[in-house]
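Asker: need a 3D model of the sequence below.
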Amino acid sequence: MACLPAALCALGALARLAEAQSFSFDSVDVPGALQLRTYYTFFVYSAQDAPDRSLGAATVTARVALMADLDAPSPAPTSQILAYRSLQVALLPESDFWGLVDPRQFCGYDAQSTPRLTLRHENTGVFVHSVLADVEGSLEATLNETGAYVLALCNCGNLTGLKVGGSIKVRNPHGHLSGTDYGKIAFYASLAVLYLITSLVWTALVALRRDTVGDVQKGILVVSCAGVVEACLMWWLYSHWNGSGEFLRALYLAGSVVSIWKLCVAFRTALAGAEVLRESQEGPTADWKVSVALVLYAAAEFKFRSALRFRAAYALQAQDVLVDGIPAILVGGALLSWAIYVLIGDAHGLKAVGSDEKAMLLYRSILILVLVSVGLLLAFILQLLDFSSNMWRLHSLLSDGPFHAIFLLALCATMAVWRPSEATRQASLAPSIDKEDEEERQPIGKAMDG
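Answerer: Presented below is the predicted three-dimensional model:
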């Protein structure tokens, strides 16, 4: 199918290597003198609250080093960097961030009169570590409270022209996945089971009524089986990611390509119903332009999902997510509107010539597409809502759940409308049997009249 090459190109540009809860400092700016800057948010379960406690308490591992920023107009001298003790990396609970950090006076002095980050009060859930130039190895600490933790760098000295190398990694009691993504393992496992059930039921119906099966029924089977494959690949991806901390790019691309192919087949199957029932060969058909539009929609949808995934971690605002979501809504809305327009025209044409059974099949398909359109719009609005940090446990459902739920429900509804039966077989015959019989009898009637 034409969707596959374009899908590979589009997703090749979108997919990027990712890691579990990890932040790299290699490409970030260090705060200037007497400045504090936040970068990322980690989502952590305590050992008591974790859905899986097999690995014990959550831990944070810091492997960071101070160095000169050679790209700066005036890089800091090496001798001053080696002696510098006033740059701290901190992991602070978001719920108590401003209770810990005084925005007007967050720098103070330690026992050696060295300027450093100073908090308002003690908190056992706080991780603060000085970034040094001569450090070797890594520092590990335990996080004992459930919640969102904000990563910050604070420069309480006067030295500039600095750069930080290394990374901060957080491991949850359940593994390496963020607390916002861990639920996706169970979600995709459940989705795979649901798709498998629908595939087995539909296969049984197709096998029992082989003589009534057409292109629409075959397309539905392909879409359902593709859903099984996609859900299994995504479950495998998140399970491996959680266990090892390694993001398998090839697996992500495979799941993404299957998802795009599923969309292409589903849309073409919806239009195939109109093409099969159409009395003549005239009328719009799905061509390469539709394939390109489908790939554009799928690419926009995955970009939107990526924005949703990183929204909480990078504290993206609703307008930032909206920028990534608008292309998906526009392209998807255009495709659905065009499909509804085609089906309405064919349904009215069939009803005008007395093919009421065929028209009814199309009217039911139109109703499904209208409900899908409304559902996707409501899901888009839901995903734009700026939930507070206390809602991060629902992120797995809010980011991936609405789209997959709507698609699966639409698939089940389409199965109910186009289930293999004598009625769908008769309706799918083009031209109809009654019309053929009428044409065969016409010459006889003319001869008798003559």
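Asker: which residues touch Ile185?
Answerer: When contacts are counted by Cβ atoms under 8 Å, 6 or more residues apart in numbering, Ile185 is found next to 177, 235, 238-239, 242. No exception for glycine: its C-beta is placed from N, CA and C like everyone else's.
Asker: tell me who's in contact with Asn158.
Answerer: Shown in contact with Asn158 (Cβ under 8 Å, 6+ apart): 33-34.
Asker: which stretches of the chain have low pLDDT?
Answerer: Per-residue confidence for the chain (pLDDT under 70) gives these ranges: 1-20, 136-137, 274-287, 312, 315, 386-390, 423-450.
Asker: residue closest to the middle of this structure?
Answerer: Centre of the chain computed as the mean C-alpha position; nearest residue by Cα atoms, centre = their mean is Arg305, 3.4 Å away.
Asker: tell me the secondary structure at Gly219.
Answerer: Classification of Gly219 into helix, strand or coil gives helix, according to DSSP: H, G, I helix; E, B strand; the rest coil.
Asker: what's around it, how many residues?
Answerer: 21 (other Cβ atoms under 10 Å).
Asker: make 14 the first number, not 1, from now on.
Answerer: Sounds good: first residue 14 from here, last item Gly232.
Asker: how about it, nearest residue that isn't a chain neighbour?
Answerer: Leaving aside its sequence neighbours, Gly232 sits nearest to Thr282 (Cβ to Cβ, 6 or more residues apart in numbering; 3.2 Å).
Asker: distance check, the one you found against Asp84.
Answerer: Taken as Cβ to Cβ, to the nearest Å, the spacing of Thr282 relative to Asp84 amounts to 54 Å.
Asker: which of these two has more neighbours?
Answerer: Under the neighbour definition other Cβ under 10 Å, Thr282 and Asp84 were set side by side, and Thr282 has more, 23 against 8.
Asker: so which helix or strand takes in the more buried one?
Answerer: Following DSSP states H and E, one finds Thr282 within helix 262-290.
Asker: which strands and helices sit next to whatever helix or strand comes next after that helix?
Answerer: On the C-terminal side of helix 262-290, the nearest following helix or strand under DSSP H and E is helix 301-324. Contact here means 3 or more Cβ pairs under 8 Å, 6 or more residues apart in numbering; DSSP states H and E; on that basis helix 301-324 packs against helix 16-27, helix 262-290, helix 331-365, helix 408-430.
Asker: what do you get if the cut-off is 10 Å, keeping everything else the same?
Answerer: Packed against helix 301-324, as judged by 3 or more Cβ pairs under 10 Å, 6 or more residues apart in numbering; DSSP states H and E, are the following elements: helix 16-27, strand 48-57, helix 262-290, helix 331-365, helix 369-397, helix 408-430.
Asker: report the buried residues of that helix.
Answerer: Of the residues in helix 301-324, those buried under the neighbour-count criterion (16 or more other Cβ atoms under 10 Å) are 303-304, 306-324.
Asker: and what of stretch 141-158?
Answerer: With burial defined by 16+ other Cβ under 10 Å, the residues of stretch 141-158 counted as buried are 141-146, 148, 156, 158.
Asker: same question, stretch 56-67
Answerer: 56-60, 63.
Asker: format the residues you listed as JSON lines; extra columns: distance to Glu435.
Answerer: Formatted as JSON lines, these follow (distance: Cβ to Cβ, whole Å):
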{"residue": "Phe56", "distance to Glu435": "55"}
{"residue": "Val57", "distance to Glu435": "59"}
{"residue": "Tyr58", "distance to Glu435": "55"}
{"residue": "Ser59", "distance to Glu435": "60"}
{"residue": "Ala60", "distance to Glu435": "61"}
{"residue": "Ala63", "distance to Glu435": "55"}
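Asker: and the residues you listed, which is closest to Leu105?
Answerer: Val57 (12.0 Å; Cβ to Cβ).
Asker: hmm, that closest one is touching Asn157, no?
Answerer: Yes: assessed by Cβ atoms under 10 Å, Val57 is found in contact with Asn157 at 9.4 Å.
Asker: which residues do these two both contact?
Answerer: Counting by Cβ atoms under 10 Å, 6 or more residues apart in numbering, the common neighbours of Val57 and Asn157 are 70-71, 138.
Asker: specify the angle between the helix or strand hosting Leu209 and helix 301-324 in degrees.
Answerer: Here Leu209 is covered by helix 196-221, with elements defined by DSSP H and E. Taking axes from the mean of the first three to the mean of the last three Cα atoms, to 10 degrees, one finds helix 196-221 and helix 301-324 inclined to each other by 150 degrees.
Asker: just the angle for helix 196-221 relative to helix 262-290, thanks.
Answerer: Using the same axes, to 10 degrees, helix 196-221 lies at 40 degrees relative to helix 262-290.
Asker: report the inter-axis angle for helix 196-221 versus helix 408-430.
Answerer: With the same axes, to 10 degrees applied, the angle from helix 196-221 to helix 408-430 works out at 10 degrees.
Asker: which of the residues in helix 196-221 are buried?
Answerer: Within helix 196-221, the residues that qualify as buried by neighbour count (16+ other Cβ under 10 Å) are 196-198, 200-202, 204-205, 207-209, 211-212, 215, 218-219.
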